[in-house]
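Peer 1: Fold the following.
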Amino acid sequence: VQLVESGGDSVQAGGSLTLSCAASGYTTRHYCMGWIRQAPGKEREGVAARDSDGITWYATSVKGRFTISRDNVKNTLYLQMNSLKPEDTAMYYCAAKVGSCPGKTKDYNNWGQGTQVTVS
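Peer 2: Have a look, this model is predicted:
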């Protein structure tokens, strides 16, 4: 079971990025898949999640700017991020869990290595 994120970069405020999370070893559509971020000195924060029925959840701070989606053929999860703000700067992780979605960040038991997003 492996999750590999990509797409992080340094962008200016107002810019856009798309993060990808390629999964291997299992089928993402059977799980609650989430994007979780952690800024330096801060706790991990759930950003967006998508359950096996396609129902999505967003943190208030990103609602209307971020979109989580999934390509079942590619078994890949995405996070489209628009109108980026400096406070979006963080390491972004893709993670998976069974059960309720989005749940608590501590309940995710499969994590990727993270991809850095820096907004200036």
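Peer 1: tell me which element the residue most central in space within the chain is part of?
Peer 2: Geometric centre of the chain, nearest residue: residue 35, 2.0 Å, by CA atoms, centre = their mean. When elements are defined using DSSP states H and E, residue 35 is found to belong to strand 32-38.
Peer 1: List the buried residues in the helix or strand that that strand is followed by.
Peer 2: Downstream of strand 32-38, the first helix or strand assigned by DSSP H and E is strand 45-50. Going by neighbour count (16 or more other CB atoms under 10 Å), the buried part of strand 45-50 is 46, 47, 48, 49, 50. Yep, even glycine has a C-beta here, placed from its N, CA and C like the rest.
Peer 1: Excluding its own residues, what touches strand 45-50? List them.
Peer 2: For strand 45-50, contacts defined as CB atoms under 8 Å, 6 or more residues apart in numbering pick out 32-39, 56-59, 62, 66-70, 77, 79, 90, 92, 101-105.
Peer 1: of the residues you listed, buried ones?
Peer 2: Among these, those classed as buried by 16+ other CB under 10 Å are 32-37, 56-59, 62, 66, 68, 70, 77, 79, 90, 92, 101-103, 105.
Peer 1: any chance you could map the strands in the chain?
Peer 2: With DSSP state E, the ranges of strands along the chain come out as 2-6, 10-11, 17-24, 32-38, 45-50, 56-58, 66-71, 76-81, 90-97, 110-111, 115-119.
Peer 1: Now the first one: buried residues?
Peer 2: What it means is strand 2-6. Buried residues in strand 2-6, defined by neighbour count with 16+ other CB under 10 Å: 3, 5.
Peer 1: Report the distance from it to the chain centre.
Peer 2: In this view, strand 2-6 has its centroid 11 Å away from the chain centroid, taken as CA atoms, centre = their mean, to the nearest Å.
Peer 1: again, but for the third one
Peer 2: For strand 17-24, the distance between its averaged C-alpha position and the chain's averaged C-alpha position is 8 Å (CA atoms, centre = their mean).
Peer 1: With that, I have no additional questions.
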